[in-house]
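Q: Sequence plus predicted model, see below.
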Amino acid sequence: MDERKWIERILAGDTQSFSCLVAKYEKMAYTIAFRILENREEAEEAVQDAFVKMYRALSSFHFDSKFSTWFYRIVYRTALTALRQQRMFVSYEEAGPVDLSNDEVESATALLEREDRKEMIARTLKKLPADEALLLTLYYLEECSVEEICQITELSASNVKVKLFRGRKRFYEVLQDKMKLETADLL
């Protein structure tokens, strides 16, 4: 089902269609919020707030732009507002050790091997300034156009292009440094 039908059904009171819309956009919404807030709990809360705001404003969406662009702009603004209100001290949860069976270890190892590239990209993005990491995520992972990124972030096209250029350059530099360190560790 396309977004227009989902939205029509949601406006008619169908909560199942809203669940479908949430399922489709929650991952990228979280990614955007996390890139800005750099905290899992804060990002989850901002995404929940953004979905509530989207639901309340859904009747004002007229398909002048892509729905994803409109919604990601809500997420972006909600996360920026949360960032401004963020407490000075943030507590981080510590993960404790977990006992795993041999099958679970083998399964986890296989998963890690498949996800290694994705993890390296994610770690590299974490080392970039938040605004550059967000733009690279929107452009390459969400495949948003420069125009859509302008609509989401309210930056000019030239500013988006410059930040993407700088972000790609910095991404490459961080990745190169990481590869040099790993190569040195192997020697």
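A: Perfect, I can see it now.
Q: Report the mean per-residue pLDDT for the helix ranked longest in the chain.
A: Using DSSP state H to define each element, the chain has its longest helix at helix 157-186. For helix 157-186, mean pLDDT is 83.
Q: Check stretch 42-57 too.
A: pLDDT averaged over stretch 42-57 gives 92.
Q: gap between it and the chain center?
A: Distance, stretch centre to chain centre, for stretch 42-57: 14 Å (CA atoms, centre = their mean, to the nearest Å).
Q: what residues does it touch?
A: Identification of contacts with stretch 42-57 by CB atoms under 8 Å, 6 or more residues apart in numbering yields 10, 18, 22, 26, 29-30, 33-34, 36-37, 71, 74-75, 78-79, 82, 86, 90. C-beta coordinates here come from the backbone N, C-alpha and C atoms, glycine included.
Q: Buried ones in the longest helix of the chain, by neighbour count?
A: Residues 160, 163-164, 167-168, 170-171, 174 are the ones in helix 157-186 that count as buried (16 or more other CB atoms under 10 Å).
Q: Could you export those as TSV, including distance to residue 42?
A: Putting the buried residues of helix 157-186 into TSV (distance: CB to CB, whole Å) gives the following:
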residue	distance to residue 42
160	25
163	23
164	25
167	22
168	27
170	24
171	24
174	24
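Q: circling back: go through the contacts of stretch 42-57 and flag which are in helices.
A: Secondary structure from DSSP H places 10, 18, 22, 26, 29-30, 33-34, 36-37, 71, 74-75, 78-79, 82 of the contacts of stretch 42-57 in helices.
Q: tell me what the longest helix of the chain is packed against?
A: helix 102-126, helix 130-136, helix 146-153 (3 or more CB pairs under 8 Å, 6 or more residues apart in numbering; DSSP states H and E).
Q: Could you tell me the angle between it and helix 146-153?
A: Orientation check (axes from the mean of the first three to the mean of the last three CA atoms, to 10 degrees): helix 157-186 against helix 146-153 gives 90 degrees.
Q: Pull the distance from helix 157-186 to the chain's centre.
A: Distance, centroid of helix 157-186 to centroid of chain: 19 Å (CA atoms, centre = their mean).
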